[in-house]
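Chemist: what's the 3D shape of this:
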Amino acid sequence: MKPDTSRIIDSIIWSLDNYVVPETRSPFSASIMVTVQNLLRHVGLRACVEPELRWEDNADLESVLERVLQRLENHPQLAATLRGGLAETRKAVQDSRPDPAVFPSIDRLTARALALRATLDSLLKALITVRDSYRDEQTYLECRQEIRNYLARQLVREDQLITPAFTGNRR
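Modeler: Numbering: from 1, shown residues only. Here you go, the predicted model:
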């Protein structure tokens with residue numbers, strides 16, 4: 001379909017630049033226009049890049065959760081301590097898997113991302129509750145590091161949606 005989303009948004013920004021911005025009279029309205037243009041660039045960037053980044057992040061997080069679960073399940077004492085949390089995490093990861101017969105729209109990808117992130121948050125809370133007992137255990141340390149590494153990668157992915165759109169004029 002033509003024009004694509006990014007061209008439509010670029011056209012809106014061009015129209016604002018050429019017809020609305022020159023007519024702004026107050027510093028406040030000029031500031032609002034800068035914000036609107038930044039937000040439009042952000043929406044355009046998200047339309048083009050977000051589905052792929054969301055897909056990548058979901059796969060990354062699911063993989064991290066699986067590896068952490070496997071490590072924890074292979075440590076009998078730690079697994080016994082976290083028993084309920086591990087079962088809930090395993091079920092949540094399985095329940096969040098998308099149906100391969102259904103197209104992964106951005107809404108579906110986002111719903112899966114939210115479910116996986118809630119699972120990660122619950123697992124982190126469970127790990128924090130046993131920190132004093134296991135803080136020096138290799139398995140515990142590896143699990144926490146695996147999660148920290150994922151969070152760092154997630155921030156890099158999210159930055160791709162923000163920095164390019166908000167570089168330049170700001171209010």
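
Chemist: Do you know the pLDDT at Val68?
Modeler: Val68 carries a pLDDT score of 94 in this model.

Chemist: how far away is it from Cys143?
Modeler: 5 Å (CB to CB, to the nearest Å). For glycine as for every other residue, the C-beta is placed from the backbone atoms N, C-alpha and C.

Chemist: cool, Asn169 as well?
Modeler: In this view, Asn169 and Cys143 are 44 Å apart by CB to CB.

Chemist: between the two, who's got more neighbours?
Modeler: Cys143 (25 against 12; other CB atoms under 10 Å).

Chemist: Please report how far that one lies from Ala59.
Modeler: Taken as CB to CB, the span from Cys143 to Ala59 is 19 Å.

Chemist: quick one, phi psi at Tyr140?
Modeler: Phi and psi for Tyr140, reported as degrees, to the nearest 10, are phi -60, psi -50.

Chemist: How about the contacts made by it?
Modeler: Contacts for Tyr140 (CB atoms under 8 Å, 6 or more residues apart in numbering) come out as 75, 78, 127, 130-131, 134.

Chemist: Could you identify which of the residues you listed has the most neighbours?
Modeler: Busiest of the contacts of Tyr140 [other CB under 10 Å] is Leu78, holding 21 neighbours.

Chemist: Hmm, Leu141 and that one touching each other?
Modeler: No. Assessed by CB atoms under 8 Å, Leu78 is found out of contact with Leu141, at 11.2 Å.

Chemist: Following element in sequence after the helix or strand of the chain with the lowest mean pLDDT, please.
Modeler: Lowest by mean pLDDT, DSSP states H and E among the helices and strands of the chain is helix 83-95, with a mean of 80. Remark: after helix 83-95, the chain's next helix or strand is helix 106-129, criterion DSSP states H and E.

Chemist: so what secondary structure elements neighbour the helix or strand that that following helix is followed by?
Modeler: Per DSSP H and E, the first helix or strand lying C-terminal to helix 106-129 is helix 131-134. For helix 131-134, the packing partners by 3 or more CB pairs under 8 Å, 6 or more residues apart in numbering; DSSP states H and E come out as helix 76-81.

Chemist: Show me what counts as buried in the helix it packs on.
Modeler: Burial within helix 76-81, assessed by neighbour count using 16 or more other CB atoms under 10 Å, is assigned to 78-79, 81.

Chemist: number of nearby residues for Ala113?
Modeler: 18.

Chemist: Equivalent analysis for Arg117, please.
Modeler: With other CB under 10 Å as criterion, Arg117 counts 15.

Chemist: Much appreciated, bye for now.
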